[in-house]
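**Student:** sequence? don't have it. structure:
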């Protein structure tokens, strides 16, 4: 067999394709012979066989193991290897880890890893001992081979339990190898760090269940020993040997990647070493700055930024910079590093140095310039603040963002001073003939533009200490660059920068900047200039007073619309975004261009109906045109027929769902009542789809569209009949009934909005079926599990409670659903889910409806018991335990929480209540997670940072709701200040002891009582 395999492999390497094909077919036949893998393994390690044959043998062995080794493998095909052959192959191929050839060792390690994934520990129990033995006593080549296997082992095969057994043996050997810089290569030492990093990941998983054991294991001597050698490695600097420099980069990269993981997972363990680690990493960034500028920024260098090691792995200069910037960013967030950035006396010298480094690394590389000059889509994608293409420029910008978050005023002032200094330096370089002088100015403008919102706020705040000469920057730098055609990136950056500070521009400057941007998109200019001018016009249209952009609206629409046919991908997105802003300026002007915009925008959608980045923008433009009373008639006449045809004839569900989305935009923006084509030609095929399809996208988009139909023209829907006399209202009710069937999915997020709107608009027409409808909603509620769907259903009852409280209570208390009382189902579900509701308006509706239920003093509500999760300190071992409390107590607890979290107004001003509560001591728990976190803990009484973020999200949702549903704007509840309402509610309940309020309050916890006491009496005692 050995000879047969050898001969076939020799023919496989033949340059003759016919011989090669015949040999490959023969190998396929041999793979069914039990001895075949043994022969391949023997040939792999044989020193008497030519290296090319050995490589071919080990590659074929790898393929064989993947497809034949285990019948339980997903890649299994053919006949499984016999147990006898497996045992021999395992023993033979392990010797490949000791082979003098690096390529054979690497390939053998891969084969062993694949075998171990299936066989260890049951069928190869001594593998780990063999590998550890090689690490301890093997030659450098053997250690290299064993490390290759160990990496795969720790990453994919070792469980937490197994790790606890091998870690005490493995980690000391890895540390010994790392320290032995005279014995082992940079790559082998780097792999020891990589394995240690994987061990940290395993320990992080173990921490959740065994925090004390994990901490004690790492504290001494593991972390101290590793961190000390890390510090030593980071201090090394090779300067006279480029090959060794790259290898050193690779080793440092592994060190910094490991540190980044430790600082994320075990920050407390790193805190006392943070400054010692930060210092060499920072000095590296400073030391490498000159190389980065000379080799990446200047156009003459042929520097190779990355290379592959002998194992085929890529490492290099930029990868190291990525990791170093990440470590500095993570360090900025830690208390132990704060004195380094801002001293006790307020000085921030080091912070200024960091900003200087950031701006240096934010300069465009020569490779970026070459790419962006010819590829508009790449420039659009990379120049976006939310780009997914990670570069040194982006990494430096991320660090600036973190500094701004932690030290806002100090960072802005440092940026102001550093920008002025670098611009002065670059002007001197320009005068001296430096060809890349402009790059640092472009980087400065990009950075200052990036912080525009924060800087504008600071400059407008009289209490702020930030000083920034923006007028001087515009007059002496930015405006000059608008005509710097020989430097297209600098010219383009000037456009974008001006638009980012549009609200600060004086009137005469604003008009000039808009005029220059319009000229830039009209002429034949460089890609960076046109792209930047589009971005600038988008911002100008959005932020400037209409008087400064209105004179240019026609030119903007004409030039931007004409680009729709010639751009694609990311550039198309930018053009669409700019067009959307332009058509909002003046509706009368926009109406004159419907015959230009309409066909083009429909064509864009036809080409990209399911592109999730493009068609939402098309939808927004549809909506804007539809809401323009001067445009709607002509635009809907153009757009509605092809969209209605898709509902009838299209077979692609994704395209149909997209078409329904556009129809919803037309209906939403249209008049009330709707023009007759909507009801006669669109409503019937839409209802047919809704009743027959199971596609979730069609159903979800259809619910939204149907809601707008009901809102805009419920009367005509009720009056419309099909050939059988069935009304449109009958069809809507049929769809709702279908959606409430037990077998239907819970993807109908907007279902409740549709039902609420139908109840509001249909009025008496719905009375005959309303009881059965509500009973079906309650039945679905009883079995619902998805939070958004549950909220959607509960909002139906919340709205009804506000208008017909007694009717809802009576009806639900008399309903029996699956053997349970309907009111019991409603209140248990409602009170369990209220605190997770999304949407500021929905939260108001629910809270006020619950307060109305409490004010009813209905004994049926008083007698209902609902779940209350026990406090975390009591349920740490079993977090799913509950106690049962009265529904009335639960309502008060929820409303107390809403009182604190009801952040009204755009500026989230703190009330006296917040200030009083902040003085109180924190409620203690036995949660020891804080032992692992190096963060400044806020008062538990103040709204948490996470909640503020959520409330901001809710306000965005609220604004979207307002735009989606004009009825909301007229709702008294929308204009109700929830905090003031709840304070009045509690005071009223206390003064009249409504519903035994005093007794209920005595059952609240200390924190809740404290809040209520202050609300009611104005005192903490």
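**Tutor:** Now that the structure is in, tell me what you want to look at. Please read these numbers as outputs of a predicted model, since none were measured by experiment.

**Student:** mind checking how far residue 675 is from residue 626?
**Tutor:** 11 Å (C-beta to C-beta, to the nearest Å). From N, CA and C alone the C-beta is placed, and that goes for glycine too.

**Student:** So residue 805 sits against residue 856, correct?
**Tutor:** Yes. Residue 805 is in contact with residue 856 according to C-beta atoms under 8 Å; the separation is 6.0 Å.

**Student:** what about residue 440, how many neighbours?
**Tutor:** Using other C-beta atoms under 10 Å, residue 440 has 23 neighbouring residues.

**Student:** repeat for residue 657
**Tutor:** Using other C-beta under 10 Å: residue 657 sits among 22 other residues.

**Student:** helix, strand or coil for it?
**Tutor:** Following DSSP: H, G, I helix; E, B strand; the rest coil, residue 657 is assigned to helix.

**Student:** now do the one 3 residues further on
**Tutor:** The three-state label for residue 660, taken from three-state DSSP, comes out as helix.

**Student:** List the residues that contact the closest residue to it other than its chain neighbours.
**Tutor:** Leaving aside its chain neighbours, residue 660 sits nearest to residue 701 (4.3 Å; criterion: C-beta to C-beta, 6 or more residues apart in numbering). Contacts here follow C-beta atoms under 8 Å, 6 or more residues apart in numbering; on that basis residue 701 touches 657, 658, 660, 661, 664.

**Student:** do the same with residue 31
**Tutor:** Counted by C-beta under 8 Å, 6+ apart, residue 31 has contacts 64, 68, 78, 79.

**Student:** Restricted to buried residues, select these in ChimeraX.
**Tutor:** Only the buried entries of the contacts of residue 31 go into this ChimeraX selection, using 16 or more other C-beta atoms under 10 Å:
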select :64,68
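
**Student:** ok, residue 674 touching residue 667?
**Tutor:** Yes. At 6.6 Å, residue 674 and residue 667 qualify as touching, with contact defined as C-beta under 8 Å.

**Student:** any common contacting residues for the two?
**Tutor:** 709, 712.

**Student:** quick one, which of the two is more surrounded?
**Tutor:** Of the pair residue 674 and residue 667, residue 667 is the one with more neighbours under other C-beta under 10 Å, namely 28 against 20.

**Student:** looking at this, the more buried one is in a helix?
**Tutor:** Yes. Under three-state DSSP, residue 667 falls within a helix.

**Student:** any idea of the pLDDT on residue 874?
**Tutor:** If you check residue 874, the pLDDT there is 38.

**Student:** now residue 221
**Tutor:** Taking residue 221 on its own, its pLDDT is 80.

**Student:** Is it in a helix, a strand, or coil?
**Tutor:** helix.

**Student:** what's around it, how many residues?
**Tutor:** Neighbour count for residue 221, taken as other C-beta under 10 Å: 12.

**Student:** and it, how far is that from residue 178?
**Tutor:** Residue 221 is 14 Å from residue 178, by C-beta to C-beta.

**Student:** next one: residue 429
**Tutor:** Distance of residue 429 to residue 178, computed by C-beta to C-beta: 43 Å.

**Student:** Settle it for me: which of those two has more neighbours?
**Tutor:** Neighbour totals were compared for residue 429 and residue 178, and residue 178 leads with 25 against 15 (other C-beta under 10 Å).

**Student:** what about that one, which helix or strand?
**Tutor:** Counting by DSSP states H and E, the element that carries residue 178 is helix 160-179.

**Student:** what is the mean pLDDT for the helix or strand following that helix?
**Tutor:** As assigned by DSSP H and E, the chain's next helix or strand after helix 160-179 is helix 186-207. For helix 186-207, mean pLDDT is 90.

**Student:** What helices and strands are in contact with helix 186-207?
**Tutor:** With contacts taken as 3 or more C-beta pairs under 8 Å, 6 or more residues apart in numbering; DSSP states H and E, helix 186-207 sits against helix 140-152, helix 160-179, helix 211-217, helix 242-265.

**Student:** residues making contact with the second one?
**Tutor:** If I follow you right, that is helix 160-179. So helix 160-179 is contacted by 121, 128, 132, 135-136, 143, 147, 150, 154, 158, 184, 188-189, 192-193, 195-196, 199, 202-203, 205-206, 217, 222, 225-226, 229 (C-beta under 8 Å, 6+ apart).

**Student:** buried subset of these?
**Tutor:** Judged by 16+ other C-beta under 10 Å, buried ones among the contacts of helix 160-179: 128, 132, 135, 143, 147, 150, 154, 158, 184, 188-189, 192-193, 195-196, 199, 202-203, 206, 217, 222, 226, 229.

**Student:** Enumerate every residue touching residue 488.
**Tutor:** Applying C-beta under 8 Å, 6+ apart to residue 488 gives the contacts 373, 525, 526, 527, 528, 529.

**Student:** how much space between it and residue 520?
**Tutor:** Remark: distance between residue 488 and residue 520 (C-beta to C-beta) = 10 Å.

**Student:** Equivalent analysis for residue 188, please.
**Tutor:** For residue 188, the distance to residue 520 equals 55 Å [C-beta to C-beta].

**Student:** just residue 452 next, same as before
**Tutor:** From residue 452 to residue 520 the distance is 20 Å (C-beta to C-beta).

**Student:** buried subset of the contacts of residue 488?
**Tutor:** Applying 16+ other C-beta under 10 Å to the contacts of residue 488, the neighbour count classes 525, 526, 527, 528, 529 as buried.

**Student:** Quick check: the last one touching residue 490?
**Tutor:** No. Because the distance of 9.7 Å does not satisfy C-beta under 8 Å, residue 529 is recorded as not touching residue 490.

**Student:** measure stretch 736-747 end to end?
**Tutor:** Stretch 736-747 has an end-to-end distance of 14 Å (C-alpha to C-alpha, to the nearest Å).

**Student:** no no, stretch 803-820
**Tutor:** First-to-last residue span, stretch 803-820, C-alpha to C-alpha: 25 Å.

**Student:** Can you give me the buried ones in it?
**Tutor:** Buried residues in stretch 803-820, defined by neighbour count with 16+ other C-beta under 10 Å: 805, 808, 809, 811, 812, 813, 815, 817.
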